[in-house]
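S.K.: Mind looking at a prediction? Sequence and model below.
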Amino acid sequence: TNAIDPTYVEATGHLLWIDLAHALWGAPFDPESGTITGERSLLIAGISAATPLFGRYSISRDGTLAYSWGAIGGFRPRRGDDSQLVIAGLDGELTVVELDPRRIQAPEWSPDGRLVAYGGTGPNATDETSNDIWVYDVELESAPRRRTNTGNNNSPIWSPDGTRIAFSSQRDGSDAADLYVKVVDSDEPPSLVVSLPGFQTPMDWPSEDILVFENFGRSRGEGYGIFVVDPADSTSVRAYWTPEADANGVQVSPDGTLAAYDSNESEQREVYVRSFPEPRAETLISERGGRWPYWSAGGDTLFYFNLAQDSLFAAHLRLEPTPAVLSRTPVLALRNRGGDLSPDGTRFITTRVVQPGAAPDSEEPVRERHFVVTNWFEELRARTGGSEPDDR
């Protein structure tokens with residue numbers, strides 16, 4: 001149901017198609033039985049769409065591929081837009097959660113993969129400046145539960161046992177944002193955990209006594225800092241690392257020894273890891289751009305987004321004696337506008353625009369580019385398998 005614009009390539013025995021995120025996929029195909037006979041493979045992320053049902057690509061009989069890249073729609077939210085949750089399986093299957101129109105920000109899976117917390121509004125909200133924290137049960141598909149009712153609340157993350165949520169909140173007209181913790185199944189008000197000058201944003205809650213958060217000043221020129229705190233002891237705040245560049249999206253590895261993050265310390269944002277809880281030497285993970293890292297459950301793979309290709313990548317790691325990247329592969333074509341990888345590493349949740357707004361995320365549109373690839377059948381066979389060339 002998520003495949004459009006199919007093409008059968010007789011010379012190689014492949015079926016090609018575009019998914020709803022405008023990525024080109026391919027798989028070996030038996031036309032007599034009408035079945036796919038091998039693994040589905042992501043070939044190119046970000047194919048331009050001529051219409052919602054057709055992609056801009058064409059293949060000649062001699063194996064020349066022509067395609068256009070960029071100017072993609074569909075998953076690009078705009079500020080103030082109503083949006084819906086989208087669950088994308090790493091196998092390419094997309095599911096849109098049918099909620100009433102509302103603003104949704106930064107959805108986050110619970111540790112058991114059943115619930116999703118997010119910051120946003122209820123249906124048909126009129127206040128553009130105030131969000132609450134909501135919890136949605138993916139299995140029961142019941143109406144989202146509102147967990148806050150005061151202030152502007154964003155960026156929820158779950159406790160390791162799934163009973164509490166930490167979030168950022170601006171209250172009483174303050175121009176700063178403090179860090180709060182709320183018991184999910186209680187009607188008691190949330191507890192203030194950290195109140196420092198500037199803005200606090202929770203990043204990760206890797207263990208009961210360690211909550212990682214980012215602090216930056218009222219003006220971004222005042223700098224950033226990465227801190228940790230024991231949520232049960234608000235006096236325990238300590239600095240983990242004060243980067244010279246903007247570093248965010250911190251995620252601690254399952255064994256608690258490494259912290260992954262993205263940073264603009266080079267010419268473009270890349271994903272790095274460094275030791276945790278002490279910030280020693282860092283290792284570059286991504287290549288040609290990387291944002292928003294997510295650890296696999298086993299800790300030997302680090303997923304991240306490459307925005308230029310609108311794709312989720314997997315960096316397979318060797319951890320000893322020091323972290324090193326063994327390979328990088330694209331695993332899912334999807335534009336991440338805030339989201340989370342499920343605890344079992346099989347699903348990514350993000351948001352999708354319902355009603356376009358007036359103010360785009362960027363005033364600079366994605367420029368459409370055009371490519372021609374000769375001898376593309378050789379690459380197609382190498383990446384997916386398939387029949388040998390037809391000598392007739």
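M.R.: Yes, it's here.

S.K.: what's around the nearest residue to Ser327 once chain neighbours are set aside, how many residues?
M.R.: For Ser327, ignoring the flanking residues on the chain, the nearest one in space by Cβ to Cβ, 6 or more residues apart in numbering is His316 at 4.9 Å. For every residue, glycine as well, the C-beta is placed using N, CA and C. The burial count assigned to His316 is 13, neighbours taken as other Cβ atoms under 10 Å.

S.K.: isn't His316 right next to Thr301, touching?
M.R.: Yes. The pair His316 and Thr301 qualifies as a contact (Cβ atoms under 8 Å) at a distance of 5.4 Å.

S.K.: what does the model give the residue nearest to Ser327 for pLDDT?
M.R.: Among the per-residue scores, His316 holds a pLDDT of 96.

S.K.: Relative to Leu334, how far out is it?
M.R.: Noted for His316: a distance of 20 Å to Leu334, by Cβ to Cβ, to the nearest Å.

S.K.: What of Glu270?
M.R.: For Glu270, the distance to Leu334 equals 19 Å [Cβ to Cβ].

S.K.: Of these two, which one has the most company?
M.R.: Neighbour totals were compared for Glu270 and Leu334, and Leu334 leads with 25 against 20 (other Cβ under 10 Å).

S.K.: pretty sure that one is touching Asp310, no?
M.R.: Yes. Taking Cβ under 8 Å as the contact criterion, Leu334 and Asp310 are neighbours in contact, 6.8 Å apart.

S.K.: Can you give me the end-to-end span of stretch 297-310?
M.R.: Criterion Cα to Cα, to the nearest Å; first-to-last residue distance in stretch 297-310 is 23 Å.

S.K.: To clarify, my last question referred to stretch 115-133.
M.R.: From start residue to end residue, stretch 115-133 stretches across 13 Å - Cα to Cα.

S.K.: Rounded mean pLDDT for it, please.
M.R.: Averaging the model's pLDDT scores along stretch 115-133 yields 79.

S.K.: now stretch 341-356
M.R.: Averaged over stretch 341-356, pLDDT sits at 81.

S.K.: re earlier: quick one: buried residues of the helix or strand harbouring the residue nearest to Ser327?
M.R.: Using DSSP states H and E, His316 maps to strand 311-318. Of the residues in strand 311-318, Ser311, Leu312, Phe313, Ala314, Ala315, Leu317 count as buried by neighbour count, 16 or more other Cβ atoms under 10 Å.

S.K.: For Gly290, see how far away the fourth one is.
M.R.: The reference is to Ala314. Distance, Ala314 to Gly290, using Cβ to Cβ: 12 Å.

S.K.: What segments of the stretch 151-300 of the chain are helices?
M.R.: Taking DSSP state H, counting those that start in this stretch as the test, none of the stretch 151-300 of the chain falls into helices.

S.K.: Can you list the low-confidence ranges for it?
M.R.: Along the stretch 151-300 of the chain, segments meeting pLDDT under 70 span 217-223.

S.K.: Mind jotting down where the strands sit in it?
M.R.: Assignment of strands within the stretch 151-300 of the chain using DSSP state E, counting those that start in this stretch yields the ranges 152-158, 164-170, 178-183, 191-194, 199-207, 210-216, 224-230, 233-241, 247-252, 258-263, 270-275, 282-284, 291-295.
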